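Engineer: Below is the sequence, then the predicted model.
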Amino acid sequence: QVQLVESGGGSVQTGGSLRLSCWTSRQRICMAWFRQAPGRKREGIASIRTADGGTWYSDSVKGRFTMSRDNWKTTAYLQMNNLEPDDSATYYCAAGSVVCARLDPDNYDYWGQGTQVIVSS
């Protein structure tokens, strides 16, 4: 069993920044961040290949968000800059042994409990 624990959510104003963290009890090939706002489908926004740090992003966050991982490869981060109200959602960390470039929730086996991000205008 793989445990994922997210932290770092909160409330900010438009244009602000937050950094989310996700600790995993066991390394998996890929880690990713998804988000889900009320009434919307879960959206994959960023993923990282644990071995070499390769990253992929959705168009909605490219250029504003950066995913990284620590040297021990047990914690992944999501640096979120220039936040907008449409970024408000519950953010979930996920891990799996999949094709990391595919930001599809069905590809991920393990999920964190979620952390809320609220961006006010």
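Structural biologist: Cool, got the structure.
Engineer: So for the spatially most central residue of the chain, what's the pLDDT?
Structural biologist: Nearest to the geometric centre of the chain sits Trp33, at 2.1 Å (Cα atoms, centre = their mean). Confidence at Trp33, expressed as pLDDT, is 98.
Engineer: repeat for Lys73
Structural biologist: pLDDT, Lys73: 83.
Engineer: Tell me the spacing between it and Arg49.
Structural biologist: Lys73 sits 10 Å away from Arg49 when distances are taken as Cβ to Cβ, to the nearest Å. Every residue, glycine included, has its C-beta placed from N, CA and C.
Engineer: wait, what's in contact with the residue nearest to the centre of the chain?
Structural biologist: 20, 22, 44-47, 67, 76, 78, 91-94 (Cβ atoms under 8 Å, 6 or more residues apart in numbering).
Engineer: swap in Gln36?
Structural biologist: Contacts of Gln36 (Cβ under 8 Å, 6+ apart): Arg42, Glu43, Ala89, Thr90, Tyr92.
Engineer: Tell me the bridge partners for the residue nearest to Gly114 when sequence neighbours are not counted.
Structural biologist: Ranked by Cβ to Cβ, 6 or more residues apart in numbering and with sequence neighbours excluded, the top spatial neighbour of Gly114 is Thr90, at 4.3 Å. Legend: beta-bridge partners of Thr90 under DSSP bridges are Gln36, Gln116.
Engineer: Number of residues surrounding Thr90?
Structural biologist: 17 (other Cβ atoms under 10 Å).
Engineer: can you check the one 3 residues further on too?
Structural biologist: Per other Cβ under 10 Å, the neighbour tally for Cys93 reads 27.
Engineer: Looks like it contacts Gln113 (just checking).
Structural biologist: No: look at Cys93 against Gln113 with Cβ atoms under 8 Å: they stay out of range, at 9.0 Å.
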